[in-house]
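> got a predicted structure here, sequence first:
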Amino acid sequence: MSAAGTIELRSVTKRFGGAAVVDRVSFTVEAGTLVTLLGPSGCGKTTTLRMIAGLETPSDGQVLIGGRDVTARAASERNVSLVFQSYALFPHLTVLDNVAYGPRARGARLADAHARARDTLALVGLSGLEARLPAQLSGGQQQRVALARALVLEPGALLFDEPLSNLDARLRRRVRDEIRALQRRLGLSVVYVTHDREEALAVSDRIIVMDHGRIVEEGPPIELFESPRTRFVAEFLAEANIVPGRLLAAHGDGADVEIAGHVVRLPRCGRAPGEVTVAIRPDAITLHAEGDAGIAGRVLRAAFVGRAVEYAIETSAGELLAIASGTAFVPGASVSLSLRPSGIALVD
Amino acid sequence: MLAFSALLTFVLVLLAAEALARRGALRGDRFAVASLLTIALLVAVFVFLPLSKVMAAAVQGAGGRIDLPAFASRLTAEKIWTLACLSSARSCGVAWNTLALALITAAGTTLLGLVLALLVTRTALPLRRVARLLAVLPVITPPFVIGLAIILICGRSGLINALLETWLGVPPSRWIYGLPGLLLAQLFAFTPIAFLVLIGVVEGVSPTLEEAGQTLGGRSIHVLRTVSLPLMAPGLANAFLVGFVESIADFGNPLVLGGSFNVLATEVYFALVGAQYDQGRAAALAIVLLAMALGAFLVQQRVLSGRAFTSVTGKGDAGIPLPLPRGLVRTLQAVAFPWLAFTIVVYGMALAGGFVAIWGRDHSLTLRHFVKAFGVEWGPAGWLWTGGAWNSLWNTLRLSAVAAPLSAAVGLLAAYLLHRTRFAGRRAFEFGTLLSFAVPGTVIGIAYVLAFNAPPIELTGSGLIIVICLVFRNMPVGVRGGLASLEQIDRSLDEASSTLGAGGFTTVRRVLLPLVKPALVGALVYGFVRSVTTVSAVIFLISGDTDMATTYIIGRVVNGDYGVAIAYSAVLIVLMVAVIVVIQRLVGVRAVGARGAESVP
């Protein structure tokens, strides 16, 4: 794991027309780590990825790969590989020729290129399919060919543009885990773009959450999930309910916070008493029969999703989303809610 | 001396390209920058420079100085713009005639080309190969032949009039001359070009998208109308544009069949060649013509801008093309079969005429016309080419074989630059590549004489000037066909190639070129064929050494030697069919792995 795999963006901006699609974005990808750019459609994550690849030129700022400034370099002269969302396999070339394309483009002899291609295809589990054309493969197989094509060049860094979005749900988990295992085994630096929170949480060493062209927060998955600092991240990453609250008093590290008439002791704080914004994760809410001590509420909708039930509950603090297993409450039932402090965070 | 300075210029261009690429131009793609500079330079020297000489001639007065009032009066002459034909029996201005003819021709050729393209690619027509060939034949016919064949069939002493007289007692008339005959000839001549452009487009429409339309409840006709046709819109627009511009620049057909229906192209010719020799007037007419072409170009840009038509994506499209509904197929066939039948008749006329002693008077069969043109004897020193036509034939083949690949290469390269890269001045660049298409051949011919008759670039009288003229005249079809084909190849394929380390040249060679093969074939075929059959551009550029086939034929016609003229035309047609077959075999059809209808069990 040399410094060759590090990627650094310094205040990179991209403007289309007058609008800044990417606005002064700076971050570093350490060698051998997998960093995910996560955000809703249009937040600028794909444009950022394309600027790392060299397919777009930044309006401002610098892109450094392996410590060298590549901002003005063409895509063909950078040592990064990109796996496209649509795979972009060359329809007129066989699987083997597709994977061998990169080495041949960089001057390898045909026999060498084919040998390397075969090895990489074996690595992704596609041996035996070398002579097929892309149109004759399934979606999952095409995706692996795209992956092999990127890997065969042994790039300093690998870029993924929403690689699982075209796969069926069954395949997604498997391919996701394979990508992560491969990344760890080969010690690759990876920048991964997705809008799927579960995917991001599962594969990343670090997540960078973006919105409207700017970085909102970044950090390890657990930290962002359990202790978000902004409302946006709490909602987007953890589907948290945002409710108003009041910080009553601080006790050492922790604090008493009043939410909808109910007082909870939170383990961490760092704020002064007064009005605060509280993010409550759906899994932090437990439903009890009416009458028990807790926040009063009424079930509006209940959806059974297999391993849990998703509830929409009307309370004095607004409509809350709760995900709970166990006894199913029917719509219209009056319930009493208790909150688990470890699932609550104070956000901006 | 000339070669040395050309080489030096080229080296300077390469150095400039390297410098610009380093600074980030065109995303650092050295190949693209070099191509752009080279083509821009060539277009500037061999398209803009000669035309500017013509413009200069238009604004010059008697003493060689700039005379603006004379220029203004030339431009607004009554003969160009009058609308008298709407209210009286006199003819309208040439500009209106040209416009009306061009619009009808463009619409007609696009429609017919689409009909033929759909039939050939989407139905299980047993005569697919034959239909393809027949649809393409009119392209390879020298312009003179189509007009003559139509006169043989529909002219005053032609077959139809003779039949009408015998059966119905209708006296023969000259009804074919003027707009009807011109329209017929142009439809016949230009539909194949629309067909060549649309073949690549129809084949590239993604079957998956049509299947999506069907599953959303659309009947075949509805899907065709709302999914397939809009996807083909760039190709249709391109074909329309090509038909329009071909019509306004057409010279041979109006010369033969125009009658009293005057169009701009022939007016330019008469202004230069006739007793008038009025350079100023000819140049002014050329400006009007250019304005029409420019108008067509702008209209096309408005219609096409901002729509996505990607059909050849990297996801291995495995659908089966939508079979056409039966009613539609019958309609298409009802249109196409008479058309193809007429093609056969015309060619029958053209080929048979060479064996007839004197058409209209002595219908005995003879071979003497062929002998006169292509006689060969075995003499003491080897083969003796005694026929009068050999010299012009060798010249034509030699120069066309050089010009065709060059014009295809330049055209497709320009299409790549226009479509796949972004740079300032794209509109101007595209207009530059279109320009030589729109200007009538006679004006190009005169422009080249004016520009290259004297130093610094002195080329007249050589084969080189003919080659250059042919290359830049035929380049636009490579551009148009290339653009229509590239429209359907997803940009992510370029980007994938780029991120895998391939520079611009490798991407073009290994990814784009194989996928635009229909456009490549079209450009090669068209380039070669047009070079062989062109008359109006080269008639001013030939010399004793470089006589061309078409000008030789016209010379025979002027002398009244119709037999030899038709015989020579027949030989040319046969020769070009052979060449086309060879080119199609060599380049082949693109392999994208789509399933055919036959492979479904």
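Everything's here; your move. Numbering: from 1, shown residues only, chains lettered A, B, ... in the order given.
> please make it C-alpha for all contacts and neighbour counts, starting now.
Fine.
> what parts of the stretch 151-300 of chain A come near chain B?
Residues of the stretch 151-300 of chain A lying close to chain B (C-alpha under 8 Å from any C-alpha of the partner chain) are A:Leu153.
> where's B:Val477, which helix or strand?
Counting by DSSP states H and E, the element that carries B:Val477 is helix B:463-486.
> distance from that helix to the middle of the chain?
9 Å (C-alpha atoms, centre = their mean, to the nearest Å).
> what's the answer for stretch B:492-499, then?
32 Å.
> tell me the mean pLDDT over it?
Averaging pLDDT along stretch B:492-499 yields 90.
> in it, what's buried?
B:Ser492, B:Leu493, B:Asp494, B:Glu495, B:Ala496, B:Ser497, B:Ser498, B:Thr499 (16 or more other C-alpha atoms under 10 Å in any protein chain shown).
> where does the fourth one land in three-state SS?
Using DSSP: H, G, I helix; E, B strand; the rest coil as the criterion, the local structure at B:Glu495 reads helix.
> okay but it is in contact with A:Glu56, surely?
No. With contact defined as C-alpha atoms under 8 Å, B:Glu495 and A:Glu56 do not form a contacting pair (10.4 Å).
> ranges for the strands of the stretch 351-500 of chain B?
In the stretch 351-500 of chain B, the strands defined using DSSP state E, counting those that start in this stretch lie at B:356-358, B:362-365, B:376-379, B:382-385.
> just to revisit the earlier point, just the buried residues of stretch B:492-499 that are near chain A?
Filtering the buried residues of stretch B:492-499 for proximity to chain A by C-alpha under 8 Å from any C-alpha leaves B:Ser492, B:Leu493, B:Glu495, B:Ala496, B:Ser497, B:Ser498, B:Thr499.
> so the closest residue to the third one other than its chain neighbours, which of the three states?
Distances taken as C-alpha to C-alpha, 6 or more residues apart in numbering or on different chains put A:Leu55 closest to B:Glu495, at 7.0 Å, once the chain neighbours are dropped. A:Leu55 falls in the coil class when you classify it by three-state DSSP.
> for A:Leu55, give its distance to A:Thr71.
Using C-alpha to C-alpha, to the nearest Å, A:Leu55 is found at 11 Å from A:Thr71.
> in terms of neighbours, single out the busier of these two.
The neighbour comparison of A:Leu55 against A:Thr71 (other C-alpha atoms under 10 Å in any protein chain shown) goes to A:Thr71, with 24 against 20.
> quick one, helices of the stretch 501-601 of chain B?
B:504-507, B:513-515, B:517-533, B:549-558, B:562-587 (DSSP state H, counting those that start in this stretch).
> and among these, the most buried is which?
Greatest average neighbour count among these goes to helix B:517-533 (a mean of 26), per mean count of other C-alpha atoms under 10 Å in any protein chain shown.
> sketch out the low-pLDDT regions of the stretch 151-300 of chain A for me.
For the stretch 151-300 of chain A, the stretches flagged by pLDDT under 70 are A:268-269.
> point me to the residue of it nearest chain B.
A:Leu153 (7.8 Å; C-alpha to the nearest C-alpha).
> that residue contacts A:Arg104, doesn't it?
No. With contact defined as C-alpha under 8 Å, A:Leu153 does not count as touching A:Arg104 (10.1 Å).
> who has more neighbours, those two?
A:Leu153 (23 against 20).
> can I take it that the more buried one is in a strand?
No. Going by three-state DSSP, the assignment for A:Leu153 is coil, not a strand.
> now A:Ser316: phi and psi?
phi -70, psi -20 (degrees, to the nearest 10).
> what's the local residue count around it?
Neighbours of A:Ser316 (other C-alpha under 10 Å): 14.
> leaving aside the residues next to it on the chain, what's closest to it?
A:Ala260 is the one closest to A:Ser316 (C-alpha to C-alpha, 6+ apart), at 6.2 Å.
> hmm, A:Ile295 and the one you found touching each other?
Yes. Using C-alpha under 8 Å, A:Ala260 is in contact with A:Ile295, at 6.7 Å.
> okay, those two: which has more neighbours?
A:Ile295 (22 against 17).
> name the helices or strands packed onto the one helix or strand B:Glu165 maps to?
Following DSSP H and E, one finds B:Glu165 within helix B:159-168. Packing partners of helix B:159-168 (3 or more C-alpha pairs under 8 Å, 6 or more residues apart in numbering or on different chains; DSSP states H and E): helix B:143-154.
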